[in-house]
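Q: Predicted model and sequence follow; I will ask about them next.
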Amino acid sequence: MMKPQQPRPSPASGPPSSVVGDGPGFGRQLTWLLGLRAASAGVLFGTAILARRGAGEGLASDPFFTVIAVTFGLTALYAAALRTTERHPWLVELQLASDVLVISAIVWLTGGIQSDFPSLYVLPVLAAAVIRSRAGGLRIAAFGGVCYGTLVAAQYGALSFVDMGAVSGLPPSRLALHTVGLSVFGQLAVAVLAGYAVERERRADRRLAEASTEIAGLQALTEHVVDSLAGGVLATDREGRVLSFNRAAEQITGWKAGRAHGTPVAEVLRLPATFTAGIERLTPEDGPLSLEHDYDRADGTRIRVGLNASPLVAADSPVGYVFSFQDLTERRRRERDAELRERLAAIGEMAAGIAHEIRNPLASMSGAIQILHRELTGELSVEQAQLMDIVLRESERLDDTIREFLAFARPQPRQVDRVDVGAVLSETASLLRHGRECLDAHDIVVEAPPGVLCDADESQLRQIVWNLSTNALRATTGGGRLRLAARGATEAGAARVVIDVEDDGVGIPEDQITRVFEPFWSTFKKGSGLGLAIVHRLVTDCHGTVRIASEPGRGTTVTVSLPRDATASASGSRQGAGAAAPVWPPRAASA
């Protein structure tokens, strides 16, 4: 399921705030500042030592080293207060202001206006501009200018409250004023330029982050859309190795995406060599290459798959291939069933009239033969009597066939009532055990828990079970096991009753399963070939389904699924014939 995207600031909402320093990189910036402060103090300490030794001066009483020692102490203090500074970003400017004071002390100790170190004022200004933006850099630059100007003014005696005594060797005051002005201007310029550069970089980073977020959102949306497609979609590189594999592709093929990635597509989709060769010749100008074939899933079941293959184009250049495919098993099954229904309807309508017209003269012929047989009793030879018996017997068989056919073509209105399916199976089993088809070697088993009920026409339900059971007994000519079972089930959220008729007989070849419901088609010597056709018609009228699973030499299982409630059945009827269409042959034969 897709997650809702979080709102993000618009690029047009204005520049970032002038006071920054509380972002996710603030702690890292403070760490860098501590390191640079310590490194700067170390460099000053090292150069001072070299300078003093070269001049033969002592180190112990030099206040310059005292200032450097104070710098190291402040650095340690700032490191200890790092977490506090992260929570209160304004403390950074306080630290940088103290750095300005330390630099002012160094400048004072090294000659003031004649010092070589006024350029150090740029360092805290630059740090403030980077960490606290342009406004922070300007504040530190202004404070540094005030400190430097005050120091120089004190050297020239311009401050009445500071008495430094006579200082000799100072440059002219005009030159000093010019030097201080250049220093202050330089600090302010560094604050403005560095702040502008930093803010521009931050704007670029923000736009880049927004673009990255948008691209990631579009990529996630694309993945969700592809994963939500009902059909399977996979993409490959130019060599045919799978790069992407959506959720429907996993469900159709039985392959997991992780296993499919990097595997040749011909192996994943079981593609024929001729089709693979055709894919390699595809160009962006060609249309998609189509294929429909039987596919053996990873779990061993066989389905019908239709697929299209097209070149995957990026920047007007083919970079791979895209395959879209669907499970066509149910669609082809519905097409076959619709074709069968149309064929059966046409045959039924035409033949019902013919059968009705045949039945009337047949009854007259049968009656005439019976009268002749009675009146000529004793005058007929044995052979003539046998011929009479054959005519009567075949007339009765033909009449039974016509009656069954009319029942198939013109079913009677249904009388729906609450039926105990288990009782129907038990009574049918009892009748079968005493019937002509049942042998001593037959074992008829009923498996139906109490309380399996459904709304149905009881006589039609008995007809369904009887026809399927007699067929099963005929399939076990030398004896065998016949299992009649009933159970409750839920299909597509609707309550159903499922009836299984299972035998261990000769089975049905896979190429003949599609014909078993056709009228007058049978593999048995006895019978009219209408038993399963009637089952098909009755189940269809009940808005149920019939599935057959068979393996030659191992047996056959016929599964009938019926709505449990009459209201669900009526709802299915209102939804259209497609909702009530019987499903056959099975999803996959056992073979």
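A: On my side now, so go ahead. Residues are numbered from 1 along each chain as shown.

Q: Quick one: residues contacting Cys542.
A: With CB atoms under 8 Å, 6 or more residues apart in numbering as the criterion, the residues that contact Cys542 are Arg414, Ala456, Asp457, Gln460, Leu562, Pro563, Ser569. The way it works is simple: take the backbone N, C-alpha and C, and place the C-beta from them, glycine included.

Q: Compute the number of surrounding residues for the closest residue to Val465 other than its chain neighbours.
A: The shortest distance from Val465 to any residue that is not its chain neighbour, by CB to CB, 6 or more residues apart in numbering, is 4.8 Å, and that residue is Thr428. Counted with other CB atoms under 10 Å, the burial measure for Thr428 works out to 24 neighbours.

Q: Could you list the buried residues of the helix or strand containing Ala154?
A: Using DSSP states H and E, Ala154 sits within helix 122-155. Of the residues in helix 122-155, those with enough neighbours to count as buried (16 or more other CB atoms under 10 Å) are 122-141, 143-145, 147-149, 151-155.

Q: Arg37: which of the contacts of Cys542 is nearest?
A: Pro563 (83.0 Å; CB to CB).

Q: What is the neighbour count of the closest one?
A: When neighbours are counted by other CB under 10 Å, Pro563 registers 24.

Q: May I ask which two of the contacts of Cys542 are separated the most?
A: Gln460 and Pro563 (13.6 Å).

Q: So, low pLDDT: which residues of the stretch 351-500 of the chain?
A: Segments of the stretch 351-500 of the chain classed as low confidence (criterion: pLDDT under 70) are 351-353, 355-357, 359-360, 378, 404-413.

Q: again, but for the stretch 101-250 of the chain
A: Counting by pLDDT under 70, the low-confidence segments of the stretch 101-250 of the chain come to 160-168.

Q: where does Val546 land in three-state SS?
A: Here Val546 is recorded as strand under DSSP: H, G, I helix; E, B strand; the rest coil.

Q: what's the single longest helix in this structure?
A: As assigned by DSSP state H, the longest helix anywhere in the chain is helix 173-228.

Q: Output the contacting helices and strands for it.
A: Identification of packing neighbours for helix 173-228 by 3 or more CB pairs under 8 Å, 6 or more residues apart in numbering; DSSP states H and E yields helix 122-155, helix 247-253.

Q: related to what we said a few turns ago, for the residue nearest to Val465, give its distance to Glu86.
A: 84 Å (CB to CB, to the nearest Å).

Q: In this structure Thr71 contacts Val102, no?
A: Yes: here Thr71 reaches Val102: they are 5.4 Å apart, a contact under CB atoms under 8 Å.

Q: And the next helix or strand past the helix or strand hosting Val497?
A: According to DSSP H and E, Val497 maps onto strand 494-503. Scanning forward in sequence from strand 494-503 by DSSP H and E, the next helix or strand is helix 510-513.

Q: residues of that following helix that come out buried?
A: For helix 510-513, using 16+ other CB under 10 Å, the buried residues are Ile513.

Q: just stretch 386-404 next, same as before
A: Burial within stretch 386-404, assessed by neighbour count using 16+ other CB under 10 Å, is assigned to Met388, Val391, Ser395, Leu398, Thr401, Ile402, Glu404.

Q: likewise stretch 429-437?
A: Under the neighbour-count rule (16+ other CB under 10 Å), stretch 429-437 has Ala429, Leu432, Glu437 buried.

Q: Can you give me the buried ones in stretch 99-114?
A: When neighbours are counted by 16+ other CB under 10 Å, the buried residues of stretch 99-114 are found to be 99-109, 112-114.

Q: ok, of the contacts of Cys542, which one's closest to Ala194?
A: Comparing these against Ala194 with CB to CB picks out Pro563 as the nearest, at 79.5 Å.

Q: That closest one: what's it in contact with?
A: When contacts are counted by CB under 8 Å, 6+ apart, Pro563 touches Cys454, Asp455, Ala494, Ala495, Arg496, Val497, Cys542, His543, Gly544, Ser569, Gly572.

Q: Closest one of the residues you listed to Glu383?
A: Nearest to Glu383 among the contacts of Pro563: Cys542, at 50.1 Å, using CB to CB.

Q: From Glu349, how far off is that closest one?
A: In this structure, Cys542 and Glu349 are 21 Å apart, going by CB to CB.

Q: Run through the residues that contact the closest residue to Asp443 other than its chain neighbours.
A: With sequence-adjacent residues excluded and distances taken as CB to CB, 6+ apart, Asp443 is closest to Arg481, at 4.8 Å. Under the criterion of CB under 8 Å, 6+ apart, the contact list for Arg481 reads His442, Asp443, Val445, Asp503, Asp504.

Q: these two touch, right, Ile303 and Glu330?
A: No: with the criterion set as CB under 8 Å, Ile303 and Glu330 do not qualify as a contacting pair; they are 9.2 Å apart.

Q: Asp116 in helix, strand or coil?
A: For Asp116, the assignment made with three-state DSSP gives coil.

Q: Quick check: it vs Ala495, distance?
A: Using CB to CB, we find Asp116 at a distance of 96 Å from Ala495.

Q: And these two? Which one has more around it.
A: Neighbours of Asp116 and Ala495, each counted by other CB under 10 Å, are more numerous for Ala495; the result is 13 against 10.

Q: the inter-axis angle of the host helix or strand of Thr470 versus strand 494-503?
A: In the assignment (DSSP H and E), Thr470 maps to helix 458-475. Note on geometry: by axes from the mean of the first three to the mean of the last three CA atoms, to 10 degrees, helix 458-475 and strand 494-503 are set 30 degrees apart in direction.

Q: buried residues in the helix or strand that comes right after helix 458-475?
A: Per DSSP H and E, helix 458-475 leads on to strand 481-491 as the next helix or strand towards the C-terminus. In terms of neighbour count (16+ other CB under 10 Å), strand 481-491 has its buried residues at Arg481, Leu482, Arg483, Leu484, Ala485, Ala486.

Q: Restricted to helices, list the buried residues of stretch 386-404.
A: Secondary-structure check on those using DSSP H: residues within helices are Met388, Val391, Ser395, Leu398, Thr401, Ile402, Glu404.

Q: Identify, from those, the entry nearest to Ala81.
A: Distance to Ala81, by CB to CB, is smallest for Glu404 among these, at 100.1 Å.

Q: Packing partners of the strand or helix carrying Ser550?
A: When secondary structure is defined using DSSP H and E, the element that contains Ser550 is strand 545-551. Using 3+ CB pairs under 8 Å, 6+ apart as the contact criterion, the secondary-structure elements in contact with strand 545-551 are helix 510-513, helix 531-541, strand 555-563.

Q: and of these, who's closest to Val424?
A: Each of the helices and strands packed on strand 545-551 was scored for nearness to Val424 using CB to CB, and the closest is strand 555-563 (11.6 Å).
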